[in-house]
Structure formats: structure tokens, C-alpha cells
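J.: any chance you can model this:
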Amino acid sequence: MVRTDSKLKIAVQKSGRLSEGTLRLFSDCGISLNLHEARLIAPAENWPLELLRVRDDDIPGLIMDGAADLGVVGENVLEEARLERGGMGAAAEYRLLRSLDFGHCRLSIAQRTEDANGSLEGQRIATSYPYLLRRWLVQRGIRATPVSLTGSVEVAPRAGLAEAICDLVSSGTTLAANGLQEREVIFRSQAQLIGRMGPLQPEQSATLDRLLRRLDGVQKARESKYIMLHAPKKRLEEVLSLLPSKHPTVVPLQHTRTEVAVHAVSAETVFWETMEQLRELGCSSILVLPIEKML
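T.: Modelled structure (predicted):
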């Protein structure tokens, strides 16, 4: 599909599991969106892009058919669509641009609690992801029958529609409430930023490059902490060995010649035990701070 406008069109979930995380991510990137609940297109006020707010099941097709430039979609929805479209001979290609740090879940087999250790052989398994389930069954050599349902999968065993289910699980609370026990994870998922195949216009490519830089900065900042402390010079090597950072900055302090200031960015968790060890080495003014932005 060939378009002449230079705005990036990004398909996102209008409402649901990924919607909030997607909007927060764009906001953290400094993108101001003109959102109205009833409108399916949300233009950015300060970027040459617009969001297409659609059902999550529609996002892979919009990308694979070239109707949208980018999409934010759950890996589970993406892979299910790829398998389905591939089986029908339809276009199923896309570019994976970034894995995003939200929308984590798992697709799991669950059975009634009293049957949780029983065989799946010959069983009916209710699911909204028949292609992912069928692939897993073939890989395991299990002969079972997927039963496709578009919603309320958890009630299938109680309603006599199936003996087991295959559905998304986050905490497992819904399974327990319906007398089900998680048995095996068949697919793990998180949000993905994908792009259509084929070249973008130069203006679109520039916008995408800028967006990816900001996405990387936001995600790196979320994962990192900024560490600041005063350390005695004579124990500096021991102090630096405790810090979860490869390139700390060491600067002199104006009020003393026996101590230095140490600043470091860490992508690892800084535990209380580490801070206590630093204190025992004579460090003071130990601060561990969140980072808002990084480039």
C-alpha cells in the first residue's frame, strides 16, 4: 500500500491490557497526543505522527498489509496472527523494532484442580489462541482438540465445553476463582513495537529514528538507578568494587581532601546490604535515585 502523507501511522490498542502502558510510554517520550474517547485517530500535537486506536487483534494485519507504519501489540497476538495468516497464504511479514517493558504475561494450559496432573491426550482444550496451542501440541506430540472461544475461556470446563483451557495468565487469580490450576506455560509474551515491511519516506524514517532513540532512553532510564555517595579516598577501590556500575565518576570534594564524591548509573538493583557495606567502608550521604530520562 502506497501513501503520500509523511506522518507515521502507529496502530495501538484502543482499550485493554496494553493501552495504558502504550500511552504512558509515548507520554514519557515527550509526545503530546490529542486524545478523544470517541475518535479512533489521535494525532500528535508536537510530532509528525498519529495513533490509530483499534482492537489489538487488528494490529498485526494493519502492519502486515502495510496500512499502518508501526504497531504496539502483544507478542501473543502477533504470533497467533502470523501463524493464522501464514496458514492461509496471506502476507505475514513485519519488522520487530523493539521489545517494550510492559504487557508481560504468559499463555498457559490449565485444568480443573482435581485433574491438574492428568494427561491432555484426547482432551478438548478451550482457547482464544488455537494456532499457538495447535503448534505446541504438535511439538509435544499430544493429540488433543483445540476448541476456539473468543471470550470467557475459564468457564469452558464448568460448562462442559472442554476438559482444559489455554489462556493468558498474569496472577492466576481468575483461574483459582474458576476452580482451575495452571499446568504448563506454552508461550511468554510482552509488548512489541513492530513495523511494516518496505521503505519509509525520508521524513518518516527520520521520525522513526528519533522515536526509537527516545524509547531506548525511556526504557533504559526505567531500568536504571543513579547512585551518589561520599567515599574515603583510602577505601576507594573497595567502594568501587561494590558498586554495580562499570564506569563510575569520581570527583574531588571542595571541603575535604580525604574524601571524594562518587556518581554512578546502575542497571542493576542496589540492595540494602550493598548500602550497608558501603557505610561500613566509611561512605556517607549515600543516595540511590530513580532516573527520569537518558540519552
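J.: from here on, contacts and neighbour counts on C-alpha atoms
T.: Noted.
J.: what's stretch 250-261 in contact with?
T.: Residues lying outside stretch 250-261 but in contact with it, judged by C-alpha atoms under 8 Å, 6 or more residues apart in numbering, are 228-234, 262-263.
J.: got the CA positions of the helix or strand containing residue 50 in CSV?
T.: For residue 50, the element it lies in under DSSP states H and E is strand 49-54. The C-alpha trace of strand 49-54 is given here as CSV (Å, rounded to 0.1, in the frame of the first residue of the first chain):
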residue,chain,number,x,y,z
LEU,A,49,2.7,11.0,13.8
GLU,A,50,-0.8,9.8,14.7
LEU,A,51,-2.2,6.9,16.6
LEU,A,52,-4.8,4.5,15.0
ARG,A,53,-6.8,3.3,18.1
VAL,A,54,-8.1,-0.2,17.2
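J.: what strands line up against it, and which way round?
T.: Paired with strand 49-54 in the same sheet, following DSSP bridges, are strand 8-13 (parallel), strand 41-43 (antiparallel).
J.: can you check which helix is longest in the protein?
T.: For the chain, the helix that runs over the most residues, judged by DSSP state H, is helix 202-223.
J.: buried stuff in that helix?
T.: Judged by neighbour count (16 or more other C-alpha atoms under 10 Å), helix 202-223 contains these buried residues: 204, 207-208, 211, 214-222.
J.: on that earlier part again, and among the strands paired with strand 49-54, the most buried is which?
T.: Mean neighbour count (mean count of other C-alpha atoms under 10 Å) peaks for strand 8-13 among those, with a mean of 24.
J.: what element comes up after that strand heading to the C-terminus?
T.: helix 19-28.
J.: so which elements touch that following helix?
T.: strand 8-13, helix 202-223 (3 or more C-alpha pairs under 8 Å, 6 or more residues apart in numbering; DSSP states H and E).
J.: between these, which gets the lowest average pLDDT?
T.: For the helices and strands packed on helix 19-28, mean pLDDT drops lowest on helix 202-223, to a mean of 94.
J.: centre of the chain to that one, how far?
T.: Using C-alpha atoms, centre = their mean, to the nearest Å, the mean C-alpha position of helix 202-223 is found 15 Å from that of the whole chain.
J.: and stretch 159-166, by the same measure?
T.: Centroid separation for stretch 159-166 versus its chain: 29 Å, with C-alpha atoms, centre = their mean.
J.: mind listing what's buried along that stretch?
T.: Using 16+ other C-alpha under 10 Å as the test for burial, stretch 159-166 gives 161-166.
J.: now the end-to-end length of it.
T.: 15 Å (C-alpha to C-alpha, to the nearest Å).
J.: show the average pLDDT along that stretch.
T.: The pLDDT scores in stretch 159-166 average 94.
J.: which residues touch it?
T.: The contact list for stretch 159-166 (C-alpha under 8 Å, 6+ apart) reads 107-112, 120, 123-129, 133, 147, 153-154, 156-157.
J.: try 10 Å
T.: Residues outside stretch 159-166 that contact it (C-alpha atoms under 10 Å, 6 or more residues apart in numbering) are 107-112, 115-116, 120, 122-130, 132-133, 145-149, 153-158, 175, 180-186.
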